[in-house]
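Give me coordinates for this.
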Amino acid sequence: MEYVTAVPHPRSEAAGPARSGRRSLALALLCGALGAAVVLLATRQRWAQGTAEMAGGSFPLTARGSDVTGVPAALAIVALAALVAVFAVRRGGRLLVAGLLTLSGAGTVAAALSGATDGSVLDDQAAKVTGDTSAAAQALTHTGWPYVAVAGGVLLLAAGLLALRYGRLWPAMSGRYERGTARPRRTARPTDPDRPEELWKALDRGEDPTGV
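Modelled structure (predicted):
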């Protein structure tokens, strides 16, 4: 009795990595785009509020995320640019860009967490309103928007980690227009000498209708 050993088809072996590459790419794009949008939205919202005590009463103070710190918004833009740049580079360059994306996400998380309880901006506002450099904001409270920015930073960090892990499987921009790439030359079509219109068309294309 003869036993036949099944040989795996090369296409089936390559299907696994290709499928993982497509899934990780879609997930990274989703995390990166959504994370950047969330961070930019959160930094435009009110992060802290309080009052400044004056002789005439209390003056309301508010601070948006961009007033507290501009780092999360800046890093979100850097991360978004890095996510796009991943497709323009290969090998070592792709690894470096993926690392930049990861660091941008981690930096966004750290900056948003540090600004979640920061009241120095409101203290500065209180000093300007009251004219007293030692004045501080009263009834200081913080909103949940800094933690929304933290969530966006986590998404950016996840996109960076996916790029580090699966970036080698992702497609790159075509090298068709890269410098030094030779363009294929068109083969001259045979010209019928009995048809004058074809002779003129050949001359317009820069071909030699005589074939010499």
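
pull the helix or strand with minimum mean pLDDT from the protein.
When the helices and strands of the chain are scored by mean pLDDT, DSSP states H and E, helix 196-204 comes last with a mean of 60.

Tell me the helix or strand right after the strand or helix carrying Asp124.
Take DSSP states H and E as the rule and Asp124 turns out to sit in helix 120-130. Proceeding N to C from helix 120-130, the next assigned helix or strand is strand 138-142, under DSSP H and E.

orientation of the helix holding Asp124 relative to strand 138-142 in degrees?
Angle, helix 120-130 to strand 138-142, by axes from the mean of the first three to the mean of the last three CA atoms, to 10 degrees: 150 degrees.

Return stretch 37-50 as PDB; C-alpha atoms alone will do.
Extracted C-alpha coordinates of stretch 37-50, given in PDB (Å, rounded to 0.1, in the frame of the first residue of the first chain):
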ATOM      1  CA  ALA A  37      -9.200  63.000  15.900                       C
ATOM      2  CA  VAL A  38     -10.100  62.200  19.600                       C
ATOM      3  CA  VAL A  39      -7.000  64.000  20.900                       C
ATOM      4  CA  LEU A  40      -7.500  67.100  18.700                       C
ATOM      5  CA  LEU A  41     -11.200  67.200  19.800                       C
ATOM      6  CA  ALA A  42     -10.400  66.800  23.500                       C
ATOM      7  CA  THR A  43      -7.800  69.500  23.500                       C
ATOM      8  CA  ARG A  44     -10.300  72.000  22.300                       C
ATOM      9  CA  GLN A  45     -12.700  71.300  25.200                       C
ATOM     10  CA  ARG A  46     -12.700  72.700  28.700                       C
ATOM     11  CA  TRP A  47     -10.300  70.900  31.000                       C
ATOM     12  CA  ALA A  48     -10.500  73.100  34.200                       C
ATOM     13  CA  GLN A  49     -12.600  75.800  35.700                       C
ATOM     14  CA  GLY A  50     -12.600  77.900  38.900                       C
END
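
For the residue nearest to the spatial centre of the chain, give its distance to Arg165.
Nearest residue to the geometric centre of the chain (CA atoms, centre = their mean): Leu80, 2.1 Å. Going from Leu80 to Arg165 by CB to CB, to the nearest Å gives 20 Å. Where C-beta positions appear, they are placed from N, C-alpha and C, glycine not excepted.

Same question for Phe87.
16 Å.

burial measure for the nearest residue to Val89 once chain neighbours are set aside, as a count.
Among residues not flanking Val89 along the chain, Val97 sits closest, at 5.8 Å (CB to CB, 6 or more residues apart in numbering). By the criterion of other CB atoms under 10 Å, Val97 has 23 neighbours.

where does Val97 land on pLDDT?
Model confidence at Val97, given as pLDDT, is 93.

And for Thr5?
Looking at Thr5, its pLDDT reads 55.

Roughly how far does Leu96 sit from Ala81?
From Leu96 to Ala81 the distance is 13 Å (CB to CB).

Same question for Gly131.
43 Å.

So between those two, which is more surrounded?
Ala81 (14 against 8).

Which element, helix or strand, includes that one?
Under the criterion of DSSP H and E, Ala81 resides in helix 71-85.

what's that helix in contact with?
For helix 71-85, the surrounding residues in contact (CB atoms under 8 Å, 6 or more residues apart in numbering) are 28-29, 32-33, 35-36, 39-40, 42-43, 65-66, 97-98, 100-101, 104-105, 107-108, 111-112, 115, 149, 152-153, 156, 159-160, 163.
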